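1. got a predicted structure plus its sequence, pasted below:
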Amino acid sequence: SARSSASGPSLGLGSRRGSRRGSIVGQDGFATGGAVFHVSLNPNASLDLVLAFRPTEARVQDVEVAVVTALHGVDGAPPVRRAVSLEGVQPRISLTRTALDFGTNIVIRSNQVKPPYSKDVYVRVNPVPGEVDAPPVAVTFGRAVCKTDDGRDAVGIFAVQPTTVVASPSEMVGIDVTFTPRDAKRYNATVPVYLGEAADGDTYLTLELTGAGQFPRLTFDVRECVLPPVPLGVRSHATFHILNNGYDNLELRYRLPADEGHLPMTLEFPEGNLIGLAKERLPVLVKFLAPKPLSFTANVEFMDENGKRFSLPVTATADNCLLTVEPFLEANAAQLVLHAPPGGAC
């Protein structure tokens, strides 16, 4: 059996029950374009199929759906073909966008005075051919039914304002759709759209909403800060940048490795330790000087006001071995004077 509906993105063939595996099948006899399903059926079994149609223009279309039997070692039987007639009609109302993706946004705490993220959608009342002086049409948006990716209900995440608009034929009226993420999750919602001033009766259109929340965090412009190897008693330094992602105004704190007494490393903030909306990128200068041979990799931790930590590994080496410090000698050849003690060689 087959039926048509207006709930899919295009014409496709789907299964309502039974075993199904969707794939692009490359076997002989299968269609090479469009949506292809490889369906396995047990003997004497049946399978209901759903035909979905979502027109993009007002016109009549005739298409053909073919089902091919594919058995290994057996010549394929002629395909079973069915002609399908489809008609797209002009809707009474239309939306400039029927799906909105807010992307990933910073979580808004309930105690924060911060406006939600918003996007605009416009409602257009399509004129009826031959109708003169048509009255205005009321359009009502129902409550957003929102769920997280784990299937839990979420209330107050998406909202539409105003919920009811009135527009004349060929007129476009805007609405504001807002997104207020409360947790680091992905949210999906469906907003029913009704003709009339009441959110009841049959749904005329639906508005699909998606968005994700993310807690504020700090990132770095490098995966690891590697200081150049230097001879003993020579200072080595390197600069990296901390990148802000979601903090309005944060005074950075940092923590050196636990055995910092044995690691002669210091941090400096040439432009201060405040990061936020006014300064999204903050340089940090790492310095290292050792009087004895030493090589290490250790994490430097940066913390926000809640104690959340963001770490970056730092690697440094000091040695008098010529093989180890050869890059340093080559880079500073014009400024170095090498000499040997009496009786020695250089």
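-> Thanks, I have the structure now.

2. show me where pLDDT drops low in this structure?
-> Applying pLDDT under 70 to the chain flags residues 1-36, 71-76, 260-261, 343-346.

3. quick one: contacts for A199?
-> For A199, the contacting residues are 140-143, 163, 192, by CB atoms under 8 Å, 6 or more residues apart in numbering. All C-beta atoms are positioned from the backbone trio N, CA, C, and that covers glycine.

4. just those: which are in strands?
-> Using DSSP state E, 140-141, 192 are the members of these that sit in strands.

5. doesn't F328 belong to a strand?
-> No - F328 is assigned helix when assessed by DSSP: H, G, I helix; E, B strand; the rest coil, not a strand.

6. in contact with it, which residues?
-> F328 neighbours (CB under 8 Å, 6+ apart): 228-231, 234.

7. can I get these in a markdown table with neighbour count, distance to L207 and secondary structure?
-> Output for the contacts of F328, formatted as a markdown table (neighbours: other CB atoms under 10 Å; distance: CB to CB, whole Å; DSSP: H, G, I helix; E, B strand; the rest coil):
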| residue | neighbour count | distance to L207 | secondary structure |
| --- | --- | --- | --- |
| P228 | 15 | 56 | coil |
| P229 | 20 | 60 | coil |
| V230 | 23 | 62 | strand |
| P231 | 18 | 67 | coil |
| V234 | 15 | 65 | coil |
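
8. these: which two are farthest apart?
-> Distance extremes for the contacts of F328: the farthest pair is P228 and P231 at 11.0 Å, using CB to CB.

9. picking up where we left off before, can you tell me which of the ones in strands among the contacts of A199 are buried?
-> 140-141, 192 (16 or more other CB atoms under 10 Å).

10. which one of the residues you listed sits closest to V84?
-> Among these, and counting by CB to CB, the member closest to V84 is P192, at 28.1 Å.

11. beta partners for that closest one?
-> T206 (DSSP bridges).

12. how close does it sit to G201?
-> 10 Å (CB to CB, to the nearest Å).

13. what about the nearest residue to N249 once chain neighbours are set aside, how many residues nearby?
-> In space, and not counting its chain neighbours, N249 is closest to G276: 3.9 Å by CB to CB, 6 or more residues apart in numbering. When neighbours are counted by other CB atoms under 10 Å, G276 registers 14.

14. ditto for E64
-> 9.

15. how about the one 4 residues further on?
-> The criterion is other CB under 10 Å. On that basis, V68 has 17 neighbouring residues.

16. would you check that it makes contact with R81?
-> No - using CB atoms under 8 Å as the test, V68 is too far from R81 to be in contact (9.8 Å).

17. which one among the ones in strands among the contacts of A199 gets closest to D120?
-> Among the ones in strands among the contacts of A199, and counting by CB to CB, the member closest to D120 is F141, at 13.5 Å.

18. beta partners of that closest one?
-> Beta bridges link F141 to V193 when assigned by DSSP bridges.

19. distance of it from A99?
-> 15 Å.

20. Q61 too?
-> Per CB to CB, Q61 is found 23 Å from A99.

21. what do you get for N44?
-> 42 Å.

22. quick one: which of the two has more around it?
-> Shown here are N44 and A99; by other CB under 10 Å, A99 has more neighbours (11 against 5).

23. isn't that one up against G211?
-> No - A99 is not in contact with G211 according to CB under 8 Å; the separation is 11.7 Å.

24. export the contacts of A199 as JSON lines, with columns for distance to M172.
-> Converted to JSON lines, the contacts of A199 look like this (distance: CB to CB, whole Å):
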{"residue": "T140", "distance to M172": "17"}
{"residue": "F141", "distance to M172": "15"}
{"residue": "G142", "distance to M172": "21"}
{"residue": "R143", "distance to M172": "24"}
{"residue": "T163", "distance to M172": "18"}
{"residue": "P192", "distance to M172": "20"}
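
25. burial measure for L243, as a count.
-> Neighbours of L243 under the rule other CB under 10 Å: 14.

26. circling back to that earlier point, from the contacts of F328, which is closest to F310?
-> For the contacts of F328, the nearest to F310 is P228 (24.5 Å; CB to CB).

27. which parts of stretch 209-218 are buried?
-> Neighbour count says stretch 209-218 has 209-214, 218 buried, by 16+ other CB under 10 Å.

28. again with stretch 295-304
-> Result for stretch 295-304 [16+ other CB under 10 Å]: buried residues 296, 298, 300, 302-304.

29. do the same with stretch 270-286
-> For stretch 270-286, using 16+ other CB under 10 Å, the buried residues are 273, 275, 282, 284, 286.

30. show me the contacts for the closest residue to the first one other than its chain neighbours.
-> Okay, so that is N273. Distance criterion CB to CB, 6+ apart; nearest residue to N273, sequence neighbours excluded, is L252 at 4.3 Å. Shown in contact with L252 (CB under 8 Å, 6+ apart): 242, 269, 273-275, 282, 302-304.

31. so how far is G233 from L252?
-> Taking CB to CB, one finds L252 at 31 Å from G233.

32. over to I157?
-> 59 Å.

33. domain ranges for this protein, per the record?
-> 12-87, 93-214, 218-335 (automatic domain parsing).

34. now distance to V173 too, for the buried ones among the ones in strands among the contacts of A199, in JSON lines please.
-> What follows is those, written out as JSON lines (distance: CB to CB, whole Å):
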{"residue": "T140", "distance to V173": "12"}
{"residue": "F141", "distance to V173": "12"}
{"residue": "P192", "distance to V173": "18"}
